[in-house]
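Enquirer: Here is a sequence with its predicted model. Questions after.
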Amino acid sequence: MSQVDRKELREKLANALVVLSSTAEDGEIEVRISYSWGHLLGSGGTVIVEGGARVLVARSWKLNKLHTIRADLSDLSTPLVFQMILQLCAAVLSLLPVGSVTSVLLMILQLCAAVLSLLPVISMIISTPLVFQMILQLCSAVLSLLPVGSVTSALLVVMVVSLMVYNKRRARLVSLINRIPGPPALPFIGNTIELNVEHDGKVLSHTARGARGGKGERRGVASQPTKVSFRVNKNRWISETVDGASYRTELFARVTGSTTLWGIHRGVNKAWMGTTPYLMLSKPAMLEPILASNKNIEKSQDYVYLRPWLGTGLLTSSGKKWHTRRKILTPTFHFKILEDFLDVFQEQSDILVEKLKHKVGKDPFNIFHYVTLCTLDIICETAMGRSVNAQGDSDSQYVKAIYEISSIVQCRQAKMWLQPDWLFKMTSLSNKHDNCVKILHDFSNKVIRERKEEIRRQKEEKLCSSPPAEDEALIYDRKKRLAFLDLLIEASQDGAVLCNEDIREEVDTFMFEGHDTTSAAICWALYLLGSHPEIQNRVVEELNYVLGDYDRRLVMKDFQNLKYLECCIKEALRLYPSVPFIARQLKQDVKIAHYTIPAGTTALIVTYMLHRNPEYFPEPEKFNPDHFLPENCVGRHPYAYIPFSAGPRNCIGQKFALLEEKAVIAAVLRNYRVEAVDRREDLTLLGELILRPKHGLNIRLQPRRS
C-alpha cells in the first residue's frame with residue numbers, strides 16, 4: 001500500500017474496529033485501531049483497501065493492567081466500552097453448546113460489533129437507516145434458514161411481542177420528538193457515541209488561519225473571540241476547531257456543535273442519549289415555556305449523581321419538598337443578611353491579595369487555583385461560620401474531598417457505563433467517591449452538632465442571667481455570620497420542619513453551589529479584563545472614584561455604586577456562564593412554537609449559545625460591558641440572559657454571588673494590574689458541571705501602587 005493510500009486511510013477511517021492485544025513489556029494492554037476489509041470503497045469511488053490489507057494507526061491507548069478491571073472502566077471511551085461489551089457477550093456465547101439459537105445470537109452480536117466499529121466509515125457511504133435496514137434483512141434471512149423448534153419459536157415470539165409493546169408505549173414520544181430537527185440516531189444507542197466520544201489526540205484543523213496567530217499578532221493578547229467551527233459529513237457531526245486552533249472534541253463542544261448545526265435558526269434541536277430524548281434550546285422564546293412553568297421544575301436525571309453527597313436538598317429535590325425548602329431558605333438571602341457578610345468577603349479577599357503577592361512580576365500562573373480556594377473559604381464561613389482555611393492549607397482533607405467528588409460526578413455524567421450504580425461500584429472511583437462523601441458529611445455533621453450545642457448553652461445562660469451589653473454584641477456578631485445555618489436550625493426547632501440530615505443537605509448544597517460557580521465567574525471576569533486593558537482601566541477609575549481612600553473598607557452603598565464593574569461581571573457571565581447547561585425533566589407536555597414536547601423529555605437549555613444571540617447582543621463574541629448599560633437593556637427579552645437560570649427555580653443565591661464577585665474583583669484590581677496570557681481562540685472549554693478552560697486561565701500580575 002502506498003504512502004498516499006495510508007494517509008487517506010488514516011484521515012477517512014477513524015474510530016474503526018478495536019482489537020485488544022497483549023504486549024510483552026510491563027504487563028500492559030495495548031488497544032490499537034486496525035482495519036481488515038477487502039474492497040472498501042470511499043465516497044470518491046476509489047479503492048482504499050485491497051485484498052484485506054491490515055494497517056495500524058499511530059494512535060493507541062495504554063491501559064494499566066491491574067489485577068481487576070475496576071481501575072480501567074473510568075478511563076475508557078464510550079465506543080470502546082460498547083465494543084468490549086459486545087465482544088465479551090460474543091465470547092461467552094461461543095463457549096455455549098452449539099445450537100441454532102446460540103448461533104443466531106452470536107451472529108447478531110458480532111454483526112452489531114462490526115457495525116458499531118465501522119459506523120464512521122459506513123456513514124460516509126450510505127445512510128444510517130439503510131444500514132439498519134440491511135442488518136434487519138440479514139438477521140431475518142439467517143433466522144429463516146434455522147430449523148423451526150420450540151426454543152427458536154419461543155425466542156422469536158418473545159422478541160416480537162417485546163418490541164411491539166416497547167414501540168407502542170413510546171410511539172407518541174418518538175413521533176413527536178422526531179419532528180424536531182437533529183442528527184440521525186441509532187436504535188437504542190441514539191447519539192450517545194457522538195456525544196460521548198473522547199478522542200485520544202487532537203483533531204486536525206481544516207481552517208488555514210488562526211491556529212497560532214497571524215503575522216503581527218502578539219501572544220498574550222486575548223483579543224479575538226472564541227469561535228467554534230464545524231464539519232458536516234452526511235450523518236456525522238463533530239466540533240473541530242476554535243478559530244482554527246485544533247483541540248479535543250469534548251462533550252461541551254459536541255453539544256454546542258449539535259446546537260449550531262441543527263438548531264441555530266429555530267432555537268431548538270434534539271439528540272438521543274440512549275432511549276432518552278434531549279431537547280436543546282438556545283433561543284429565549286423557546287425556553288420561556290419551560291423555565292416559567294410552576295409544574296416542570298424537576299431537575300434532570302443528570303443531577304442524580306450528586307445525591308449521595310447533597311441528598312435531596314434545594315438543588316436536587318422536586319415537588320412539594322422543593323417548594324417547602326425554597327420557602328424556608330429564601331429569607332436567608334435577604335438584603336440585610338447579605339450586608340452582614342461583607343466583612344467575610346473582604347477579609348478573605350485580603351488574604352487572596354496577600355497570597356498573590358509572590359506572583360507579582362513573575363511568570364504567568366493559573367488564577368483558577370487561588371480564586372477557588374478563596375471562594376471556598378468565603379462560602380464555608382458564611383454557610384457554617386467555620387473556616388476551613390483553604391487558602392492557608394489547600395491540602396486539607398475537606399478541600400481535597402470537594403475537588404475529588406466534583407471530578408467523579410463529572411466523570412459519571414460523561415460516561416454512560418459508569419451511571420448504573422451496580423457497575424459504578426465495580427470501579428476504583430466508587431471507593432474514592434464513598435470516602436469523599438464520608439469526609440464531607442462528617443465535617444458538616446460536626447459543625448451542626450457544635451452549633452446546636454452552642455445555641456442550647458446560650459439559651460440556658462440567658463435564662464440564668466442577662467449577659468453584659470458587650471457580650472450580647474459579640475453573640476449577635478457571631479450569629480450574623482451563621483445566618484444560613486442558624487436559620488436552618490431555628491426551623492428545625494420551631495415545628496421540627498428539618499431534621500439533622502435535612503440541615504446537612506442544605507449546608508452541603510450551599511457549599512457545592514456557592515464556591516465553584518462563583519470562582520469561575522470571578523476568574524473569567526479577571527481574564528477578560530486582563531485581555532482588555534482599556535476596560536480594566538475604566539473599572540479602576542470607578543473604584544478610585546467610589547472608594548477614594550485605598551485603606552477604607554467597603555460598605556453596601558459602595559458596592560451598589562460600582563455600576564460599571566457590575567456590567568463587566570454580567571458581560572463575563574454572558575460570554576462564559578458558570579453553568580453552561582440547565583437541564584429539566586418534563587413532567588407535562590409543553591408547546592414550543594409549532595412543536596409539542598412530550599412528558600419524559602429532558603430539556604437542555606444551552607446557556608452558552610443562548611447568550612450569543614446577535615438579536616439581543618450586537619457583536620455577540622465581543623467583550624462589551626456596555627451591553628448591560630440601562631439604556632441597552634430596555635426591551636431585551638427577559639429570557640435572553642439567564643446566567644442564574646430564570647423563573648420559579650432560579651438561583652436563590654444570585655445576589656450573594658454578585659456581591660461576592662464584586663468584593664473579590666475589586667480587591668484584586670485595587671492592588672494589581674491584570675494581564676491575560678492566553679488568547680481566547682486558544683482556550684479549550686470544558687462544560688460539565690462548571691464552564692472552565694481545560695488548562696486553566698493563565699495571567700500575569702503587575703503592582704498597581706507601591
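Expert: Here it is on my side, so go on.
Enquirer: Nearest residue to Leu686 in space, please, no chain neighbours.
Expert: Leaving out its chain neighbours, the residue that sits closest to Leu686 by C-beta to C-beta, 6 or more residues apart in numbering is Lys694, at 5.1 Å. Glycine gets a C-beta too; all of them are placed from N, C-alpha and C.
Enquirer: The one you found against Asp682, yeah?
Expert: No. Lys694 is beyond contact range of Asp682, at 10.7 Å (criterion: C-beta atoms under 8 Å).
Enquirer: Give me the more crowded residue out of these two.
Expert: Asp682 (21 against 12; other C-beta atoms under 10 Å).
Enquirer: Leu697 versus that one, what's the distance?
Expert: According to C-beta to C-beta, to the nearest Å, Asp682 stands 11 Å off from Leu697.
Enquirer: Identify each buried residue in the longest helix seen in the chain, please.
Expert: Secondary structure assigned by DSSP state H gives helix 428-464 as the longest helix of the chain. Using 16 or more other C-beta atoms under 10 Å as the test for burial, helix 428-464 gives 428-430, 432-433, 436-437, 439-441, 443-444, 447-448, 451-452, 454-455.
Enquirer: before we move on, what about stretch 501-512?
Expert: Buried, per 16+ other C-beta under 10 Å, within stretch 501-512: 502-512.
Enquirer: now the helices: where do they sit in the stretch 351-500 of the chain?
Expert: 367-384, 397-414, 421-424, 428-464, 469-481, 483-493, 500-531 (DSSP state H, counting those that start in this stretch).
Enquirer: Figure out which of those is closest to Thr256.
Expert: Between Thr256 and the helices of the stretch 351-500 of the chain, the shortest separation by C-beta to C-beta is 15.1 Å, and it involves helix 397-414.
Enquirer: for that closest one, what is the average pLDDT?
Expert: For helix 397-414, mean pLDDT is 85.
Enquirer: Now do it against helix 367-384: the angle between them, please.
Expert: Calculated by axes from the mean of the first three to the mean of the last three C-alpha atoms, to 10 degrees, helix 397-414 forms an angle of 110 degrees with helix 367-384.
Enquirer: mind listing the strands for the stretch 151-300 of the chain?
Expert: 228-233, 236-242, 245-246, 268-273, 276-281 (DSSP state E, counting those that start in this stretch).
Enquirer: And the last one, what's buried?
Expert: By neighbour count with 16+ other C-beta under 10 Å, strand 276-281 contains the buried residues 277-281.
Enquirer: okay, those in a markdown table with distance to Asp340 next?
Expert: Shown next, in a markdown table, are these (distance: C-beta to C-beta, whole Å):
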| residue | distance to Asp340 |
| --- | --- |
| Pro277 | 46 |
| Tyr278 | 42 |
| Leu279 | 42 |
| Met280 | 41 |
| Leu281 | 38 |
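Enquirer: Among those residues, which one lies nearest to Asp343?
Expert: Nearest to Asp343 among the buried residues of strand 276-281, with distances taken as C-beta to C-beta, is Leu281, at 40.9 Å.
Enquirer: Could you verify my assumption that the closest one touches Thr602?
Expert: No. Taking contacts as C-beta under 8 Å, Leu281 lies outside contact range of Thr602: 11.0 Å.
Enquirer: how about the CA coordinates for stretch 395-411, as PDB?
Expert: Coordinates of each C-alpha in stretch 395-411 appear next as PDB, following Å, rounded to 0.1, in the frame of the first residue of the first chain:
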ATOM      1  CA  ASP A 395      -4.100  20.100  51.300                       C
ATOM      2  CA  SER A 396      -6.800  19.800  53.900                       C
ATOM      3  CA  GLN A 397      -9.000  16.700  53.700                       C
ATOM      4  CA  TYR A 398     -12.200  18.700  53.300                       C
ATOM      5  CA  VAL A 399     -10.800  20.800  50.400                       C
ATOM      6  CA  LYS A 400      -9.400  17.700  48.600                       C
ATOM      7  CA  ALA A 401     -12.700  15.900  49.000                       C
ATOM      8  CA  ILE A 402     -14.700  18.700  47.400                       C
ATOM      9  CA  TYR A 403     -12.400  18.700  44.400                       C
ATOM     10  CA  GLU A 404     -12.300  15.000  44.000                       C
ATOM     11  CA  ILE A 405     -16.100  14.300  44.400                       C
ATOM     12  CA  SER A 406     -16.800  17.000  41.800                       C
ATOM     13  CA  SER A 407     -14.500  15.400  39.400                       C
ATOM     14  CA  ILE A 408     -16.100  11.900  40.000                       C
ATOM     15  CA  VAL A 409     -19.600  13.300  39.400                       C
ATOM     16  CA  GLN A 410     -18.500  14.900  36.100                       C
ATOM     17  CA  CYS A 411     -17.000  11.600  35.100                       C
END
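Enquirer: now Pro638, what's its secondary structure?
Expert: coil (DSSP: H, G, I helix; E, B strand; the rest coil).
Enquirer: Return the residues in contact with it.
Expert: 284, 288, 646 (C-beta atoms under 8 Å, 6 or more residues apart in numbering).
Enquirer: Tell me which of the residues you listed has the lowest pLDDT.
Expert: For the contacts of Pro638, the weakest pLDDT value sits at Glu288, with 90.
Enquirer: residues touching that one, list them.
Expert: Applying C-beta under 8 Å, 6+ apart, the residues near Glu288 are 638-639.
Enquirer: Please report how far it lies from Asn624.
Expert: For Glu288 relative to Asn624 (C-beta to C-beta), the value is 25 Å.
Enquirer: Can you get me the start-to-end distance on stretch 261-278?
Expert: End-to-end distance for stretch 261-278: 15 Å, by C-alpha to C-alpha, to the nearest Å.
Enquirer: For it, buried residues please.
Expert: Per 16+ other C-beta under 10 Å, stretch 261-278 contains these buried residues: 261-263, 266-273, 277-278.
Enquirer: what do you get for stretch 532-543?
Expert: Quick answer for stretch 532-543 (16+ other C-beta under 10 Å): 532, 535-536, 538-540, 542-543.
Enquirer: ok, back up a step: will you turn the buried residues of stretch 261-278 into JSON lines that also has distance to Lys462 and pLDDT?
Expert: Formatted as JSON lines, those follow (distance: C-beta to C-beta, whole Å; pLDDT from 0 to 100):
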{"residue": "Leu261", "distance to Lys462": "66", "pLDDT": "71"}
{"residue": "Trp262", "distance to Lys462": "65", "pLDDT": "74"}
{"residue": "Gly263", "distance to Lys462": "61", "pLDDT": "69"}
{"residue": "Arg266", "distance to Lys462": "64", "pLDDT": "78"}
{"residue": "Gly267", "distance to Lys462": "59", "pLDDT": "85"}
{"residue": "Val268", "distance to Lys462": "59", "pLDDT": "89"}
{"residue": "Asn269", "distance to Lys462": "62", "pLDDT": "88"}
{"residue": "Lys270", "distance to Lys462": "61", "pLDDT": "90"}
{"residue": "Ala271", "distance to Lys462": "60", "pLDDT": "88"}
{"residue": "Trp272", "distance to Lys462": "62", "pLDDT": "87"}
{"residue": "Met273", "distance to Lys462": "57", "pLDDT": "82"}
{"residue": "Pro277", "distance to Lys462": "58", "pLDDT": "90"}
{"residue": "Tyr278", "distance to Lys462": "56", "pLDDT": "91"}
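Enquirer: Format the residues you listed as CSV; extra columns: distance to Ala667.
Expert: Formatted as CSV, the buried residues of stretch 261-278 follow (distance: C-beta to C-beta, whole Å):
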residue, distance to Ala667
Leu261, 43
Trp262, 44
Gly263, 41
Arg266, 44
Gly267, 40
Val268, 42
Asn269, 43
Lys270, 45
Ala271, 43
Trp272, 47
Met273, 43
Pro277, 46
Tyr278, 41
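Enquirer: how deep is the residue nearest to Ala583 when sequence neighbours are not counted tucked in, by neighbour count?
Expert: In this structure, Ala583 finds its nearest non-sequential neighbour in Ser300, 3.6 Å apart by C-beta to C-beta, 6+ apart. For Ser300, the neighbour count with other C-beta under 10 Å is 18.
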